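> quick one, what's the 3D model for this:
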Amino acid sequence: MPLPNPIPILIVDDEADLRDLLVEALQDQGYAAEGADGGAQALALVRGKHFPVIFTDLNMPGGLSGLELLRAIHDEDPQAMGILMTGYATTESAIQALKRGAYDFIQKPFKLAEIEASLERALEHYSLLRENEDYQRNLERMVEARTAEILGLKNDIERLFEGFVNASVTAIESRDPSTSGHSSRVADLTVGLAEAVNTTPNGPYGMIQFNPLQIREIRYASLLHDFGKVGVREQVLVKAKKIEGERLESIFQRLHQRTLETMRDRLLEAWSKGQTFDHETMGRFLNQQDEETRQLMDLVRRSNEPTVLPQEVAMELDHLGGLTFQHWKGERRTLIEPKDLDLLRIAKGSLSESERDEIQNHVTYTYRFLSQIPWTTELAGVPEIAWAHHERLNGKGYPRQLLAPDIPVQSKLMAVADVYDALTAADRPYKAAVSVERSLEILEQEAKVNLLDAEVLKIFLEARIYERTASQGTTP
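Here you go, the predicted structure:
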């Protein structure tokens with residue numbers, strides 16, 4: 001704040017001659033000097049106008065003393081610079097004056113040059129203080145503006161990252177539309193479970209409290225836990241049967257061709273022996289061959305299902321290994337190739353060992369992808385949490401076969417949510433949906449054999465977390 005021109009100066013003294021002399025002298029110097037005969041008049045003037053510098057006598061009978069006036073002026077106008085004038089100067093009075101807010105101390109009698117020098121010092125100090133105040137105000141405004149800019153940028157980054165996460169989830173689910181909504185539901189369930197842990201007063205998780213940033217970390221890890229599936233071949237990712245498409249059709253075609261070949265060979269044998277064509281005999285034989293072919297096709301179909309392979313069906317598959325057909329080049333070849341026969345012998349599910357390894361590697365792909373993102377310190381655990389969501393307490397999980405103490409708590413929460421949603425999700429090509437009741441039973445069975453965390457499952461059940469996704473694509 002610049003000084004006004006002319007600069008107002010107030011002289012407070014009960015001696016009229018001295019007061020008027022100082023007022024006239026300062027007016028001659030170009031100042032807007034005014035006088036007051038005591039504390040009451042001075043305060044009245046101060047309440048109506050700002051005086052950068054005020055000279056006041058120490059002893060003024062019948063009212064406020066100079067020290068009392070300085071205190072009162074400071075309460076009214078903290079920016080005013082007080083200079084005390086007295087004919088009874090002592091060290092103690094000087095100290096008291098400075099404590100009461102005086103800028104300077106002048107002893108009577110004084111020369112006018114001393115007044116002018118003290119006034120110049122006071123005005124210089126006054127200007128420096130006001131410049132510093134202006135600087136502080138400008139600095140505060142700059143800090144506020146910069147803070148608002150940073151907060152705006154932070155919000156933009158958060159919106160951008162939310163968009164990135166949502167786009168990533170869309171990319172995951174576009175590979176396998178039948179799992180649409182899985183990532184979001186797992187995130188919803190896991191966050192709900194973490195919030196339930198926060199309200200658990202006792203037990204192994206009674207001391208755990210997830211703060212809002214940790215809840216956010218859990219949410220991101222859950223949303224992106226399957227991102228690595230973008231690195232899995234689509235024919236493996238959505239594989240509903242052990243053998244699919246043209247390969248299965250080829251097997252059925254060869255079985256049909258085998259029937260025709262058998263009929264041809266029977267006719268050629270009869271003709272070579274000079275036998276005539278017998279419609280009735282050949283009809284019975286054709287029916288027998290058709291029935292055998294239907295049974296073999298049915299065996300292939302039953303074996304091709306991803307359900308548990310019955311032992312008797314597995315034994316029947318041995319018969320398929322010896323069947324042959326005539327290739328168009330003339331040589332006889334195995335009707336079902338060994339690798340296809342191995343696929344049909346898969347005891348449970350539709351994936352071969354190599355295909356199962358490929359699927360399981362999606363967790364490592366997820367970790368590698370998420371590890372390349374420059375997470376903030378508060379979200380740095382996202383890759384590790386997602387990496388461990390298929391680990392099991394007894395070390396039979398994947399990909400690292402971690403034991404319970406090495407699995408992050410957040411991953412244990414996600415494991416329960418992930419298994420539950422995988423069970424209850426609507427029908428998929430490779431599995432039928434399981435009811436909520438049956439799914440909870442399966443979760444309890446897995447907790448009993450130390451696959452899932454029993455305490456986490458207890459919280460999941462008691463807080464009825466599973467109800468959060470009851471209308472989001474799961475089976476009632």
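> what is the longest helix along the chain packed up against?
The longest helix of the chain (DSSP state H) is helix 112-175. Judged by 3 or more C-beta pairs under 8 Å, 6 or more residues apart in numbering; DSSP states H and E, the packing partners of helix 112-175 are helix 16-28, strand 53-57, strand 81-86, strand 102-107, helix 182-198, helix 212-223. For glycine as for every other residue, the C-beta is placed from the backbone atoms N, C-alpha and C.
> deepest-packed of the ones you listed, please.
strand 53-57 (a mean of 26; mean count of other C-beta atoms under 10 Å).
> thought residue 103 was touching residue 81, still the case?
Yes: if you go by C-beta atoms under 8 Å, residue 81 and residue 103 touch, sitting 4.4 Å apart.
> who touches both of these two?
Taking C-beta atoms under 8 Å, 6 or more residues apart in numbering as the criterion, residue 81 and residue 103 both touch 53, 122, 125.
> just checking, the second one touches residue 102?
No: assessed by C-beta under 8 Å, residue 122 is found out of contact with residue 102, at 10.1 Å.
> common neighbours of those two, please.
Common neighbours of residue 122 and residue 102 (C-beta under 8 Å, 6+ apart) are residue 83.
> and residue 69, how many neighbours?
Residue 69 has 27 neighbouring residues, counting by other C-beta atoms under 10 Å.
> name the element residue 318 belongs to?
helix 311-321 (DSSP states H and E).
> what is the mean pLDDT for whatever helix or strand comes next after that helix?
Downstream of helix 311-321, the first helix or strand assigned by DSSP H and E is strand 324-326. The average pLDDT within strand 324-326 is 86.
> packing partners of strand 324-326?
helix 245-272, strand 332-334.
> direction included, what does that strand pair against?
Sheet pairing of strand 324-326 (DSSP bridges) gives strand 332-334 (antiparallel).
> now the partner strand: average pLDDT?
Mean predicted confidence for strand 332-334 is 87.
> ok now it, how far from the chain's centre?
Counting by C-alpha atoms, centre = their mean, to the nearest Å, strand 332-334 is centred 58 Å from the centre of its parent chain.
> next, the buried residues of the next helix or strand after it.
Downstream of strand 332-334, the next assigned helix or strand under DSSP H and E is helix 338-344. By neighbour count with 16 or more other C-beta atoms under 10 Å, helix 338-344 contains the buried residues 340-341, 343-344.
> can you show me the CA trace of helix 338-344 as PDB?
C-alpha atoms of helix 338-344 as PDB (Å, rounded to 0.1, in the frame of the first residue of the first chain):
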ATOM      1  CA  PRO A 338      -3.400 -88.400 -30.200                       C
ATOM      2  CA  LYS A 339      -3.400 -84.700 -29.200                       C
ATOM      3  CA  ASP A 340      -7.200 -84.600 -29.600                       C
ATOM      4  CA  LEU A 341      -7.600 -87.800 -27.700                       C
ATOM      5  CA  ASP A 342      -5.500 -86.300 -24.900                       C
ATOM      6  CA  LEU A 343      -7.900 -83.300 -24.900                       C
ATOM      7  CA  LEU A 344     -10.900 -85.600 -24.600                       C
END
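> and the contacts of the helix or strand following it?
Following helix 338-344 in sequence order, the next helix or strand is helix 353-360 (DSSP H and E). Residues from elsewhere that reach helix 353-360 (C-beta under 8 Å, 6+ apart): 232-233, 236-237, 239, 349, 351, 390, 398-399.
> for stretch 398-411, same thing?
Residues contacting stretch 398-411 (C-beta under 8 Å, 6+ apart): 190, 194, 205, 208, 214, 217-218, 221, 360-361, 363-364, 381, 384-391, 393-395, 450, 453.
> any stretches of the stretch 51-200 of the chain with poor pLDDT?
88-101, 178 (pLDDT under 70).
> can we see that at 90?
57-71, 73-75, 84-112, 114, 130-131, 133-137, 140, 144-182 (pLDDT under 90).
> could you chop this protein up by domain?
Domains of the chain are assigned by automatic domain parsing as 8-133, 181-229+357-469, 240-350.
> and these as JSON lines, adding distance to residue 146?
Below are the domains of the chain laid out as JSON lines (distance: least, C-beta to C-beta, whole Å):
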{"stretch": "domain 8-133", "distance to residue 146": "20"}
{"stretch": "domain 181-229+357-469", "distance to residue 146": "20"}
{"stretch": "domain 240-350", "distance to residue 146": "57"}
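> out of these, which is closest to residue 156?
domain 181-229+357-469 (14.8 Å; C-beta to C-beta).
> now do the phi/psi pair for residue 361.
The phi and psi torsions at residue 361 (degrees, to the nearest 10) take the values phi -70, psi -10.
> just give me the neighbour total for it.
16.
> ok, it - contacts?
228, 231-232, 399 are the contacts of residue 361 under C-beta under 8 Å, 6+ apart.
> thought residue 30 was touching residue 6?
Yes: Residue 30 lies in contact with residue 6 (C-beta under 8 Å); the separation is 5.6 Å.
> now the angle from the helix or strand containing residue 411 to helix 182-198?
Assigned by DSSP H and E, residue 411 falls within helix 409-424. Using axes from the mean of the first three to the mean of the last three C-alpha atoms, to 10 degrees, the direction of helix 409-424 lies 130 degrees away from that of helix 182-198.
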